[in-house]
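Visitor: mind looking at a prediction? Sequence and model below.
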Amino acid sequence: MKKTLIAVAALAATSAFAQVTITGTMDATYRMTSNDQADGTSYDSSVLDNDGLATTGFTLSGMEDLGGGLKAVFLYEHNFEMTDTGGGAAAVTSTTVTGTAAVSGFQANGQMFVGLEGAFGSIKLGAPNTPSLTIQGARGAGFGTKDGGRANSAGFGTSLTRFDSSIVYGSPNFSGFSFGLMYVPENETAGATTGATSTGAQSDLGLFYANGPLAGGVSVYSTDLNKTAGANSGTEISQSNYYVAYNFGFAKFTLGGHDHETKNAAGTTTVEQTGWNVAADVPLSPALTLTANIQMVDDKLASNQDKDSLAVGLQYAMSKRTTTYVRYVNVSTDNVAAGATVNDATTFLVGLRHNF
């Protein structure tokens, strides 16, 4: 047994093993939400779950130097519900990863890829994060894609995190400028005399700038219609996202927005909206940061269900790896149809995040 342990330790000390890294995050969040419904009723919910500040999971990543400036890279990110063992609790459905079924407990997954990096940039194959995720996360400032940021679903449009069977190219940095491109090819899955059945292609293009206190970016995502025996099916989505941020030292201010349109197979527009947000991160001390974010959505359809959101939060760094946080988030929706539909929700949350 001792010889085995010594052999394992010797192998781990070699260069091949030294370039594999395990990192992770555990983020527990207690949320208390008051929901007002369009029919005049209301209800309160309280739950201990996770991911108020960051995504709970662990990441296994590695790199091999192939020589000549070329590297082989891989990453496996395993996200999970830290308060759900999967033993009877309701499943958590991922809406940001195409093809991912309902999952719970320890079964949910994050980004995964294998690729190459070099002077040309990088190319990743599998399910890497999209260029639009970079924009949407930056729009949320200190809230990122979590509570108070994109997770509100008030002003950020469709969440564009990652997609199965995708290819992502990332360019080198050109004096602060860079770009990224994601592509999922059309996939025919069956043939028929009336025509093929296929899933539509998807693309996502992002342009970024970061230099000193100034940062910004814009992305454009689109997906084609599916085909069922030659006939159009599914939905066609187009969405653009943008943000610009400037750090003045005493505070960093962020302005972001998006335009979104969804059409059905018949070509009818079912979703059309424009959203924007303005956020501020204010350091109150080396360890304490105040973040505020205002979001609004202008619904262009006849239903005119405009949305607005206000979020305010504090984050306190207890150490380099441990942070505690509190937040207030309110989301309201106009012209909600009568019935048991939430038109105003107010959430207070408190959480603890630890990185390892």
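Guide: That came through, no problem. This structure is a prediction, so every number in the text was calculated from the model and none was measured.

Visitor: and stretch 178-190, what's buried?
Guide: Under the neighbour-count criterion of 16 or more other C-beta atoms under 10 Å, stretch 178-190 has S178, F179, G180, L181, M182, V184 buried. To be clear about C-beta, it is placed using only N, CA and C from the backbone, and glycine gets the same treatment.

Visitor: hmm, who's touching that stretch?
Guide: With contacts defined as C-beta atoms under 8 Å, 6 or more residues apart in numbering, stretch 178-190 is touched by 98, 128, 130-131, 134, 163-172, 196-209, 224, 227.

Visitor: among the residues you listed, which ones are in helices?
Guide: Where the contacts of stretch 178-190 overlap with helices, as defined by DSSP state H, the overlap consists of P131, T134.

Visitor: just the buried residues from the contacts of stretch 178-190, in PyMOL please.
Guide: Typed into PyMOL, the line below selects the buried ones among the contacts of stretch 178-190, using 16+ other C-beta under 10 Å:
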select buried, resi 98+128+130+131+134+163+166+167+168+169+170+171+197+198+199+200+202+203+204+205+206+207+208+209+224+227
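
Visitor: show me which of the buried residues of stretch 178-190 is closest to F143.
Guide: Distances from F143 to the buried residues of stretch 178-190, taken as C-beta to C-beta, are shortest for G180 (22.5 Å).

Visitor: what sits opposite the closest one in the beta ladder?
Guide: G170, G206 (DSSP bridges).

Visitor: what's the burial count for N79?
Guide: The local packing of N79 (other C-beta atoms under 10 Å) involves 22 other residues.

Visitor: same question, S332
Guide: S332 has 17 neighbouring residues, counting by other C-beta under 10 Å.

Visitor: right, and it touches D306 too?
Guide: No: S332 sits out of contact with D306 when judged by C-beta atoms under 8 Å, with a separation of 9.1 Å.

Visitor: all helices of the protein, in order?
Guide: Under the criterion DSSP H, the chain carries helices at the ranges 2-12, 15-18, 131-139.

Visitor: which other helices and strands contact the last one?
Guide: Think helix 131-139. Using 3 or more C-beta pairs under 8 Å, 6 or more residues apart in numbering; DSSP states H and E as the contact criterion, the secondary-structure elements in contact with helix 131-139 are strand 177-184, strand 202-211, strand 214-223, strand 235-247, strand 252-264.

Visitor: 7 Å instead, please
Guide: When contacts are defined as 3 or more C-beta pairs under 7 Å, 6 or more residues apart in numbering; DSSP states H and E, helix 131-139 packs onto strand 202-211, strand 214-223, strand 235-247, strand 252-264.

Visitor: between the buried residues of stretch 178-190, which is nearest A151?
Guide: Each of these was scored against A151 by C-beta to C-beta, and M182 proved nearest at 21.5 Å.

Visitor: next one: the residue lying closest to the closest one once chain neighbours are set aside from L301, what distance?
Guide: For M182, ignoring the flanking residues on the chain, the nearest one in space by C-beta to C-beta, 6 or more residues apart in numbering is D204 at 4.0 Å. Between D204 and L301 the computed distance is 25 Å (C-beta to C-beta, to the nearest Å).

Visitor: same check, this time on T333
Guide: As for T333, its distance to L301 is 13 Å (criterion: C-beta to C-beta).

Visitor: same thing with I135?
Guide: The gap separating I135 from L301 is 24 Å, by C-beta to C-beta.

Visitor: looking at these two, which one has more neighbours?
Guide: I135 (26 against 11).

Visitor: for the nearest residue to the more buried one once chain neighbours are set aside, give me its contacts.
Guide: Residue nearest to I135 in three dimensions, not counting chain neighbours: N241, with 4.3 Å by C-beta to C-beta, 6+ apart. If a contact means C-beta atoms under 7 Å, 6 or more residues apart in numbering, then N241 has S132, I135, Q136, G157, V218, S219, H258 as its contacts.

Visitor: would you turn those residues into a markdown table with pLDDT and distance to M112?
Guide: Rendered in a markdown table, the data for these read as follows (pLDDT from 0 to 100; distance: C-beta to C-beta, whole Å):
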| residue | pLDDT | distance to M112 |
| --- | --- | --- |
| S132 | 96 | 18 |
| I135 | 96 | 22 |
| Q136 | 95 | 20 |
| G157 | 84 | 25 |
| V218 | 98 | 27 |
| S219 | 98 | 21 |
| H258 | 95 | 27 |
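
Visitor: now the buried members of those residues.
Guide: Applying 16+ other C-beta under 10 Å to these, the neighbour count classes S132, I135, Q136, G157, V218, S219, H258 as buried.

Visitor: need the max-distance pair from those residues.
Guide: Spanning the widest gap among those are G157 and V218, at 13.4 Å by C-beta to C-beta.

Visitor: D281 is in contact with T289, correct?
Guide: Yes: with contact defined as C-beta atoms under 7 Å, T289 counts as touching D281 (6.0 Å).

Visitor: give the residues shared as contacts by the two.
Guide: Residues touching both T289 and D281 comprise G142, with contact defined as C-beta under 7 Å, 6+ apart.

Visitor: low-confidence ranges in the stretch 251-356 of the chain?
Guide: Counting by pLDDT under 70, the stretch 251-356 of the chain contains low-confidence residues at 338-340.

Visitor: identify the residues contacting stretch 268-285?
Guide: Stretch 268-285 is contacted by residues 139-142, 155-157, 251-264, 289-301 when judged by C-beta under 7 Å, 6+ apart.

Visitor: please indicate which of those are buried?
Guide: 139-142, 155-157, 252, 254, 256-263, 289, 291-297, 299-300.

Visitor: appreciated, that's everything.
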